[in-house]
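Next input, structure requested:
(one chain, ligands or ions: 1)
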Amino acid sequence: MMQTRVVHCGVNLAPYVEELLGIPRSKLNWLHNYSYGWPMPVLTREQDSYQDWHQKFYVGWMGSALQGHWVNSLPNIASLVFPGLAIDEIAIQKIPCLRVHLPNNVAVGIKHKDADFGHAEPEINVWMPFTDAYGTNSVYIQNDDGKFNAIYAHPGDIAIFDAVNREHCNAINKTGFTRVSMDFRLAPLDGMYDREAKESINTRSKIGLGDYFVTYAELLNA
Ligand SMILES: [Fe+2]
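Residues are numbered from 1 along each chain as shown. Below you'll find the predicted structure:
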C-alpha cells in the first residue's frame with residue numbers, strides 16, 4: 001500500500017474558500033462562530049456532507065475563483081502525486097469534497113476506507129487543508145501497523161494517501177478551532193477506461209470517467 005505523505009505544494013486557496021463561503025478574511029478556523037445551529041449533536045454519515053457550508057460550497061463552486069485557482073494548481077499537484085505522468089494522462093475528480101470539522105464534532109461520520117463506497121484503485125486521494133490541521137481536528141489515517149495517526153499540515157500543504165485501501169476517520173474535535181479542507185481523487189487515465197463504475201455515496205454519480213472523473217481538458221472547458 002502506498003505510504004501517506006504530506007508535502008508542501010505552495011498552493012493556499014484559503015482566501016478563495018472564505019470568499020465562496022462568504023466569511024471574513026482569515027476567519028476560517030472560527031467558522032463555528034458563523035455556523036447556524038452550532039454546537040449541534042455529532043454528525044452522522046448521512047448528515048456530514050449536508051450542512052449549510054456544503055450547500056454554499058457546491059452551489060457556488062462552478063465558475064468560482066476557488067474553482068479557477070484549483071484547476072490552475074492541478075498540474076503542479078498532479079506532478080507530486082504521479083511524477084511520471086503529464087496532466088492530460090490523469091483523471092481528476094470533477095468536484096472536490098468539502099469537509100468542515102467544527103469543534104466538539106466530526107467532519108466525516110464514520111471510520112471507513114473508500115473501497116467501502118465504490119472507489120477503487122488506481123485512485124489516490126489529495127487532502128488539502130485550508131486551516132491548520134493537527135490532532136483531533138484533523139483526519140486520522142491508518143498506518144501499516146494498524147494504528148491511526150492524525151495528519152499535521154498547514155494551508156499550502158497537501159496530504160497524499162491511499163484512501164481506497166487505508167481506513168480513515170475523525171475524532172471529536174477538541175482543539176477549539178474549526179478545520180476546513182477539501183479532498184479530491186486523481187488516477188492515471190489508463191486505469192479508468194474499463195472499470196465498472198459504481199455510484200458515489202453522496203452525489204449518486206457514477207464513479208467513472210465523464211461523470212465523477214473528468215480529464216484536465218474537460219475541466220478547463222467546463
Ligand atoms: Fe473517505
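
just for the chain, where's the confidence low?
In the predicted model, the chain carries pLDDT under 70 at residues 194.

Show me what from it comes close to the ion.
Residues of the chain lying close to the ion (C-beta under 5 Å from the ion) are 114, 163. Every residue, glycine included, has its C-beta placed from N, CA and C.

Following the chain past the longest strand along the chain, name the next helix or strand.
Looking only at the chain and at elements set by DSSP state E, the strand with the highest residue count is strand 179-188. The element immediately downstream of strand 179-188 (helix or strand, assigned by DSSP states H and E) is strand 213-214.

That following strand - contacts with which helices or strands?
With contacts taken as 3 or more C-beta pairs under 8 Å, 6 or more residues apart in numbering; DSSP states H and E, strand 213-214 sits against strand 90-93.

give the contact list for the most centrally placed residue in the chain.
Taking C-alpha atoms, centre = their mean as the criterion, residue 183 is the residue nearest the geometric centre of the chain, at 1.3 Å. Residues in contact with residue 183, defined by C-beta atoms under 8 Å, 6 or more residues apart in numbering, are 96-97, 99, 125-128, 163.

Repeat the analysis, applying 6 Å as the threshold.
Residue 183 makes contacts with 97, 125, 127, as judged by C-beta atoms under 6 Å, 6 or more residues apart in numbering.

What of residue 91?
Contacts for residue 91 (C-beta under 6 Å, 6+ apart) come out as 187, 189, 192, 209, 213.

what number of residues lie near the first one?
By the criterion of other C-beta atoms under 10 Å, residue 187 has 23 neighbours.

Assess the claim that it and residue 125 are in contact.
No - at 10.2 Å, residue 187 does not count as touching residue 125 under the criterion of C-beta atoms under 6 Å.

what's the helix or strand harbouring residue 74 packed up against?
Secondary-structure element containing residue 74, defined by DSSP H and E: helix 65-81. Packed against helix 65-81, as judged by 3 or more C-beta pairs under 6 Å, 6 or more residues apart in numbering; DSSP states H and E, are the following elements: strand 5-11, helix 14-21.
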